[in-house]
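**Student:** kindly generate the corresponding structure for this input.
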Amino acid sequence: MKTLKLIKIRFLYCTYLIALLFTAFSNAANPIDILSMKERAQFIDNMTDLRIKTLMPKLMNEHNIDMWILISREYNEDPIVKTMLPATWLSARRTTILMFARNKNNKVDAWAIAPYKIGNSFKKGWDKTTEPNQWQALNALITKYQPDNIALNTSTHWAHADGLTVGDQQRFLANLPQPYHNKIISSEPLAIAWLEQRIAPEVEMYKNIVAIAHEIIAEGFSTKAITVGETTSDDLVWWFRERIRQLKLQTWFHPSVAIQRADNKQFDHEQSFTNGYNDKVIRAGDLLHVDFGITYLRLNTDTQQHAYILKPEETQAPAYLVNAFNSANKLQDIFTAEFKAGKTGNQVLAAARRKAIAQGLKPTIYTHPLGYHGHAAGTTLGMWDSQQGVAGDGDYPLHLNTAYSIELNNAVFIKPWNKEIRIMLEEDAFFDNTGVWYLNSRQTKLILIK
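**Tutor:** Residues are numbered from 1 along each chain as shown. So this is what the prediction gives:
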């Protein structure tokens, strides 16, 4: 018995030592600084409160909206409601109604007509013990403010701003006093502004979020993740997924890894973002491409970068690939120089393409807003299959203090490979009164993997 007990103690001690070593190794291998879950919740709640207090009055005044009502049911949340819930609320609860109302002081009161208290940003607007009917509690507040208009989340062009379901709309109208029925308007301009506008503390944090995404890509495009001649493109895709989870982060889309190389395979835009080379072994001389994004602190990144696998005799990438890469940086500069508040996405797209083509480039531009969603609300600047403009959201004008994924590619014919390749870049940037600037710089050189 003593012998068995001693063996058991030694086993537990060895297990404990292994756990310590594993923890130490994990910490050494994870230099990326990530906030704890509690710290993340504090940041999210602070930003929500600050946005409601400082940004909401400005936006409602700009768009002349007196009252904004958002209605959402559990498991079918309005996309905008999800940006306003406390960090500890992972979904709406039962029927959650939020209201923003301009008061006599030209400020905004935030109310929650819901069965539970919703954080600290919203006043509780419904007490079931005194008024069992939730809709009557809502009507009492509407009557109190007597708004000239009531905005609801319905939109033609933006799914993000079209979150009011038919059922909730019917219930709302069935209970709304008749005099207010002709005051209903779409919240679209206010909803888009809320989603796309970033406040200063968010911008500062966004720099760190994009830096984290860049660090993960740098790890993936290295011998930490790639063994040349063994690792496949699909292996690398799943390495990115696993690394994201190790860091207690999330991704908003499945990454893709594509290979371009000296063979007879022609470029296919759609395939490059889905199957790439469809689980092919990564070889020396390959040009790798990754499309990758993370979700952190309710903000999203979206990045595409390139790496080159050096051949045994090489110390740098071939000049023809370096020149091709530089041409895509040039296209970025031409494109971002066209950004100006008030210009529509279609206007910027047309001007940038015209100038790029005049300078001998072969551009495709498909830039989108970035923020609470990866493909976010705001100004769309081309799609890869719509280079003559995008109806609706492409006609929407640029606004300051908004973020974008500067996404595009330039096609270049590579003589040694006897085919055309694409340098596909995507870097996250911010647009303010200084112009467009990258939140954590941009890739200006091919990543080299030995």
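
**Student:** which residues of this structure score low on pLDDT?
**Tutor:** 1-31, 269-279 (pLDDT under 70).

**Student:** now do the helices in the protein.
**Tutor:** Using DSSP state H, the helices of the chain run over 2-29, 37-50, 56-62, 134-145, 166-175, 188-196, 200-220, 233-246, 269-272, 319-336, 345-358.

**Student:** any idea which of these is most buried?
**Tutor:** helix 188-196 (a mean of 24; mean count of other Cβ atoms under 10 Å). From N, CA and C alone the C-beta is placed, and that goes for glycine too.

**Student:** run the chain-centre distance for stretch 194-207.
**Tutor:** 12 Å (Cα atoms, centre = their mean, to the nearest Å).

**Student:** start and end of that stretch, how far apart?
**Tutor:** 20 Å (Cα to Cα, to the nearest Å).

**Student:** same thing with stretch 225-238?
**Tutor:** End-to-end distance for stretch 225-238: 10 Å, by Cα to Cα.

**Student:** residue 357 and residue 331: what is the separation?
**Tutor:** Separation of residue 357 from residue 331 (Cβ to Cβ, to the nearest Å): 10 Å.

**Student:** what touches both of those two?
**Tutor:** Residues within reach of residue 357 and of residue 331 at once, by Cβ atoms under 8 Å, 6 or more residues apart in numbering, are residue 363.

**Student:** which one of the helices of the chain lies nearest to residue 123?
**Tutor:** helix 134-145 (9.7 Å; Cβ to Cβ).

**Student:** packing partners of the closest one?
**Tutor:** strand 67-73, strand 95-102, strand 108-113, helix 166-175 (3 or more Cβ pairs under 8 Å, 6 or more residues apart in numbering; DSSP states H and E).

**Student:** dump those to a markdown table, plus distance to residue 214.
**Tutor:** Shown next, in a markdown table, are those (distance: least, Cβ to Cβ, whole Å):
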| stretch | distance to residue 214 |
| --- | --- |
| strand 67-73 | 35 |
| strand 95-102 | 35 |
| strand 108-113 | 36 |
| helix 166-175 | 41 |
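
**Student:** looking at these, which is closest to residue 368?
**Tutor:** Between the helices and strands packed on helix 134-145, strand 67-73 lies closest to residue 368; by Cβ to Cβ that is 23.9 Å.

**Student:** and for the closest one, what are the contacting residues?
**Tutor:** Contacts of strand 67-73 (Cβ under 8 Å, 6+ apart): 60, 78, 80-81, 84, 92, 94-102, 138, 142, 145, 147, 149-153, 163-165, 167-169, 172, 187, 190.

**Student:** next one: that strand to chain centre, how far?
**Tutor:** On Cα atoms, centre = their mean, the centre of strand 67-73 falls 23 Å from the chain's centre.

**Student:** with just CA atoms, put that strand into CSV.
**Tutor:** Provided in CSV are the C-alpha atoms of strand 67-73 (Å, rounded to 0.1, in the frame of the first residue of the first chain):
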residue,chain,number,x,y,z
MET,A,67,-36.6,59.2,-31.1
TRP,A,68,-34.9,55.9,-32.1
ILE,A,69,-36.5,52.7,-31.0
LEU,A,70,-34.8,49.3,-31.3
ILE,A,71,-36.8,46.1,-30.7
SER,A,72,-35.2,42.7,-30.4
ARG,A,73,-36.1,39.2,-29.2
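
**Student:** list the buried ones in it?
**Tutor:** 67-73 (16 or more other Cβ atoms under 10 Å).

**Student:** can you give me the angle it makes with strand 108-113?
**Tutor:** 30 degrees (axes from the mean of the first three to the mean of the last three Cα atoms, to 10 degrees).

**Student:** so strand 67-73 versus helix 188-196, what angle?
**Tutor:** Between strand 67-73 and helix 188-196, the angle comes out at 70 degrees (the same axes, to 10 degrees).

**Student:** hey, what's the angle from strand 67-73 to helix 134-145? Just curious.
**Tutor:** Going by the same axes, to 10 degrees, strand 67-73 makes 170 degrees with helix 134-145.

**Student:** correct me, but residue 222 touches residue 449?
**Tutor:** Yes - if you go by Cβ atoms under 8 Å, residue 222 and residue 449 touch, sitting 6.4 Å apart.

**Student:** the two: who's more crowded?
**Tutor:** residue 449 (18 against 14; other Cβ atoms under 10 Å).

**Student:** now the more buried one: how far from residue 324?
**Tutor:** Counting by Cβ to Cβ - residue 449 and residue 324 are separated by 18 Å.

**Student:** next: residue 331.
**Tutor:** For residue 331, the distance to residue 324 - Cβ to Cβ - is 11 Å.

**Student:** and if you look at residue 45?
**Tutor:** From residue 45 over to residue 324 (counting by Cβ to Cβ), the distance is 46 Å.

**Student:** and what of residue 290?
**Tutor:** On the measure of Cβ to Cβ, residue 290 and residue 324 end up 17 Å apart.

**Student:** can you pull the contacts of residue 328?
**Tutor:** 408-410, 423-425.

**Student:** identify, from those residues, the entry nearest to residue 234.
**Tutor:** Looking across the contacts of residue 328 and measuring by Cβ to Cβ, the closest to residue 234 is residue 424, at 18.7 Å.

**Student:** hang on, the closest one packs against residue 409?
**Tutor:** Yes - using Cβ under 8 Å, residue 424 is in contact with residue 409, at 4.1 Å.

**Student:** what domains does the record give for the chain?
**Tutor:** Domain assignment for the chain by automatic domain parsing gives 37-195, 198-449.

**Student:** hang on, the earlier thing: of the contacts of strand 67-73, select the buried ones using a PyMOL command.
**Tutor:** Buried members of those, defined by 16+ other Cβ under 10 Å, are picked up in PyMOL with:
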select buried, resi 60+78+80+81+84+92+95+96+97+98+99+100+101+102+138+142+145+147+149+150+151+152+153+163+164+168+172+187+190
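
**Student:** hmm, back to that, which among the buried residues of strand 67-73 gets closest to residue 109?
**Tutor:** residue 67 (9.8 Å).

**Student:** now the closest residue to that closest one other than its chain neighbours: how far from residue 164?
**Tutor:** Using Cβ to Cβ, 6 or more residues apart in numbering and skipping residues adjacent in sequence, the residue nearest residue 67 is residue 147, 3.9 Å away. Residue 147 is 17 Å from residue 164, where distance means Cβ to Cβ.

**Student:** residue 331 too?
**Tutor:** Distance check for residue 331 against residue 164: by Cβ to Cβ, it reads 40 Å.

**Student:** correct me if wrong: residue 359 contacts residue 333.
**Tutor:** No - between residue 359 and residue 333 there is no contact under Cβ under 8 Å: 10.5 Å.

**Student:** these two touch, right, residue 157 and residue 392?
**Tutor:** Yes - with contact defined as Cβ under 8 Å, residue 157 counts as touching residue 392 (3.5 Å).
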